[in-house]
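**Q** From the sequence below, what's the structure:
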Amino acid sequence: MAENNFRALASANKGKTYFLLAAMGVLTWLVAYAVLTYFGAGTASTIVPFAVGISLIGVWGSYYGSDKLVLTMTGAKVVTREDAPELFNVIEEVVIASGLPMPKVAIVEDSAPNAFATGRNPDHALIAFTTRILEVMDRDELQGVIAHEMSHVANRDTLVSAVAATTAGAIAILSDFLMRIMFFGGGRRDGNQNQNPVALVLSLVVLILAPIAALLLKSAISRKREALADATAVSFTRNPAGLRKALEVLAADSTVVRQKSNAVAHIWIESPLDAKAVSKLFSTHPPIEERIATLRAMESLGPQI
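**A** Sure thing, here's the model as predicted:
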């Protein structure tokens with residue numbers, strides 16, 4: 001079962017992420033081509049850069065201030081070693097194993113067990129834990145959670161999320177603008193009567209469906225980064241049982257964090273959104289049962305991992 005070791009899983013998830021990002025690029029090209037076909041070069045040269053620019057400003061502004069923004073949105077408070085010496089000891093163990101810089105550490109006053117990582121790069125990283133997760137998890141379980149969050153830092157998942165969000169946002173803004181133009185302006189005005197009607201219909205279909213496709217791809221990328229973080233965490237600790245038991249604790253607890261906005265749902269180790277209310281296709285996390293099963297398979301390999 002060599003395919004179940006963490007190296008193979010990490011490599012596979014990285015490859016799938018690259019494929020999904022490439023698919024986002026292809027989708028962006030299709031949307032731009034559809035705009036050019038349906039509306040003409042004049043509209044395309046004006047609206048496309050505008051939509052991309054608006055999305056870049058919003059998403060990348062958030063990316064560069066991600067640690068401060070997430071602290072505000074989640075109510076997390078940065079703490080020092082004096083505030084939580086035992087927690088810092090475990091974090092430093094993972095820092096040494098991973099070779100990463102020591103991140104800022106924050107605590108969220110919340111009755112639900114959960115944790116997250118943010119920051120635009122390893123030198124500006126922050127990992128946070130709810131008060132409840134510190135209460136219910138033993139040292140091995142907490143080490144697994146810390147390793148998972150440090151894996152997000154190591155894999156630069158904030159950057160990957162920003163790229164996916166920028167692309168999806170630009171496509172959504174672009175499609176919204178063009179739907180409004182069609183509704184109020186009657187569609188293309190510079191000679192669409194000379195165009196192949198099939199091409200026009202296909203272009204319209206692309207513009208309508210592109211935002212949904214972009215959201216699906218963005219969610220799929222997020223799921224692959226979560227799976228990658230699980231595998232990378234094992235490479236830091238060599239102890240899949242710790243993270244597996246931590247996920248079992250999370251799965252057994254039905255409480256959710258108070259700050260469960262869609263904007264930050266993807267950063268938590270367990271999604272605070274109701275799994276039953278969110279289609280698997282739009283979920284930002286793989287089902288926690290699947291993650292547990294994957295880690296259990298790693299355990300069965302013993303020293304091979």
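
**Q** can you tell me the helix or strand for Leu209?
**A** helix 197-237 (DSSP states H and E).

**Q** which residues of this protein score low on pLDDT?
**A** 1-4, 6, 40-48, 51-52, 54-56, 58-63, 182-196, 260, 274-278, 302-305 (pLDDT under 70).

**Q** According to the record, where do the domains of it fall?
**A** Per automatic domain parsing, the structural domains of the chain span 2-64+158-221, 66-156+222-304.

**Q** which of the ones you listed sits most buried?
**A** Most buried of the domains of the chain, by mean neighbour count (mean count of other CB atoms under 10 Å): domain 66-156+222-304, with a mean of 19. C-betas here are computed from N, CA, C, even on glycine.

**Q** Return the distance of it from the chain's centre.
**A** 13 Å (CA atoms, centre = their mean, to the nearest Å).

**Q** which residues sit against the one helix or strand Arg132 maps to?
**A** Assigned by DSSP H and E, Arg132 falls within helix 131-136. The contact list for helix 131-136, computed with CB atoms under 8 Å, 6 or more residues apart in numbering, reads 84, 87, 107-115, 142, 145, 249, 253, 255.

**Q** of these, closest to Pro197?
**A** Pro197 lies nearest to Asn114 out of the contacts of helix 131-136, by CB to CB, at 52.5 Å.

**Q** was I right about the closest one contacting Leu273?
**A** No. Under the criterion of CB atoms under 8 Å, Asn114 makes no contact with Leu273, lying 12.0 Å away.

**Q** Check which element follows the helix holding Arg132 along the chain.
**A** On the C-terminal side of helix 131-136, the nearest following helix or strand under DSSP H and E is helix 139-154.

**Q** Using CSV, write out every CA atom in that following helix.
**A** This file holds the C-alpha atoms of helix 139-154, laid out as CSV (Å, rounded to 0.1, in the frame of the first residue of the first chain):
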residue,chain,number,x,y,z
ARG,A,139,-0.3,16.5,23.7
ASP,A,140,-0.1,14.1,20.7
GLU,A,141,-3.5,15.3,19.3
LEU,A,142,-2.5,19.0,19.7
GLN,A,143,0.8,18.3,18.0
GLY,A,144,-1.0,16.8,15.1
VAL,A,145,-3.2,19.9,14.8
ILE,A,146,-0.2,22.2,15.0
ALA,A,147,1.6,20.2,12.4
HIS,A,148,-1.5,20.5,10.1
GLU,A,149,-1.6,24.3,10.5
MET,A,150,2.1,24.7,10.1
SER,A,151,1.8,22.6,6.9
HIS,A,152,-0.6,25.3,5.5
VAL,A,153,2.2,27.8,6.2
ALA,A,154,4.9,25.6,4.6
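
**Q** Moving C-terminal from it, which element do we reach first?
**A** Moving toward the C-terminus from helix 139-154, the next helix or strand (DSSP H and E) is helix 157-185.

**Q** Run the angle between that following helix and helix 139-154 for me.
**A** Per axes from the mean of the first three to the mean of the last three CA atoms, to 10 degrees, the angle that helix 157-185 makes with helix 139-154 is 60 degrees.

**Q** Give the other helices and strands that helix 157-185 contacts.
**A** helix 6-39, helix 41-64, helix 197-237 (3 or more CB pairs under 8 Å, 6 or more residues apart in numbering; DSSP states H and E).

**Q** Helix 6-39 and the last one, what's the angle between them?
**A** If I follow you right, that is helix 197-237. Helix 197-237 and helix 6-39 are oriented at 160 degrees to each other (the same axes, to 10 degrees).

**Q** check contacts around Ser261.
**A** Neighbours of Ser261 in contact, by CB under 8 Å, 6+ apart: Met73.

**Q** what about it, which SS state?
**A** coil (DSSP: H, G, I helix; E, B strand; the rest coil).

**Q** Next, give phi and psi for His285.
**A** Phi and psi for His285, reported as degrees, to the nearest 10, are phi -130, psi 150.

**Q** export stretch 280-294 as CSV, just CAs?
**A** What follows is stretch 280-294, C-alpha atoms only, in CSV (Å, rounded to 0.1, in the frame of the first residue of the first chain):
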residue,chain,number,x,y,z
LYS,A,280,-19.7,18.1,-1.3
LEU,A,281,-18.8,19.8,-4.6
PHE,A,282,-18.8,23.2,-2.9
SER,A,283,-17.2,22.1,0.4
THR,A,284,-13.9,23.7,1.3
HIS,A,285,-12.8,20.5,3.2
PRO,A,286,-12.8,16.8,2.4
PRO,A,287,-15.2,14.8,4.6
ILE,A,288,-13.6,14.4,7.9
GLU,A,289,-14.3,10.7,7.8
GLU,A,290,-12.2,10.4,4.7
ARG,A,291,-9.4,12.3,6.3
ILE,A,292,-9.5,10.0,9.3
ALA,A,293,-9.5,6.9,7.1
THR,A,294,-6.5,8.2,5.1
